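*Asks:* Got a sequence here, can you build the structure:
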Amino acid sequence: MVRAVPIFDYRRPLSDTAFIEMVVWRVPEPVRASSHPFKYRLALISNGVCTLRYDNEAGKGDHKHIGPVEAPYNFCGLDQLEADFWKDVEAWLKQQDAR
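*Replies:* So this is what the prediction gives:
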């Protein structure tokens, strides 16, 4: 039986109250409703609340959550996934600085 292989799994603090967590596995078969061999979760947690998350939950396929809003995400590879996530993280950080 072929198992999922971790690609990366790490946490990085952004501030005293916020951190990012990025987890990606190579899976033997695509997750239901996805067409690629990766299972992933990239999240921004602030004050204990997930404020931004990209994931491909089985049955939902590739999507992202920005606050309470869920939207489809067009997965175009791991490099693009990470770039898109960081772009949204940077936008969130700018929004926090403006407060």
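*Asks:* Now do the SS call for the residue nearest the centre of the chain.
*Replies:* Central residue of the chain (C-alpha atoms, centre = their mean): Leu42, 2.2 Å from the mean position. Three-state call for Leu42 (DSSP: H, G, I helix; E, B strand; the rest coil): strand.
*Asks:* hang on, isn't it packed against Ile20?
*Replies:* Yes - using C-beta atoms under 8 Å as the test, Leu42 is close enough to Ile20 to be in contact (7.3 Å). Heads up, the C-betas are built off the backbone N, CA and C, glycines and all.
*Asks:* hang on, the earlier thing: what's the residue nearest to the centre of the chain in contact with, if anything?
*Replies:* By C-beta atoms under 8 Å, 6 or more residues apart in numbering, Leu42 lies in contact with 20-24, 53-55, 81-82, 85.
*Asks:* who's it bridged to?
*Replies:* Leu42 has these beta-bridge partners by DSSP bridges: Met22, Tyr54.
*Asks:* so Asp55 touches Phe38, yeah?
*Replies:* No - between Asp55 and Phe38 there is no contact under C-beta under 8 Å: 10.7 Å.
*Asks:* can you pull the pLDDT of Ala98?
*Replies:* For Ala98, the pLDDT comes out at 81.
*Asks:* quick one: it and Glu21, what's the gap?
*Replies:* According to C-beta to C-beta, to the nearest Å, Ala98 stands 24 Å off from Glu21.
*Asks:* which of these two has more neighbours?
*Replies:* A direct count of neighbours by other C-beta atoms under 10 Å for Ala98 and Glu21 places Glu21 higher, at 15 against 6.
*Asks:* Which strand residues bridge Arg12?
*Replies:* On the basis of DSSP bridges, Arg12 is bridged to Ile20.
*Asks:* Please verify my assumption that it contacts Ala18.
*Replies:* No - with contact defined as C-beta under 8 Å, Arg12 does not count as touching Ala18 (10.0 Å).
*Asks:* higher neighbour count, the two?
*Replies:* Neighbours were counted for Arg12 and for Ala18 using other C-beta under 10 Å; Ala18 has more, 19 against 10.
*Asks:* dump the residue contacts of the more buried one.
*Replies:* Neighbouring residues of Ala18 by C-beta under 8 Å, 6+ apart: 44-47.
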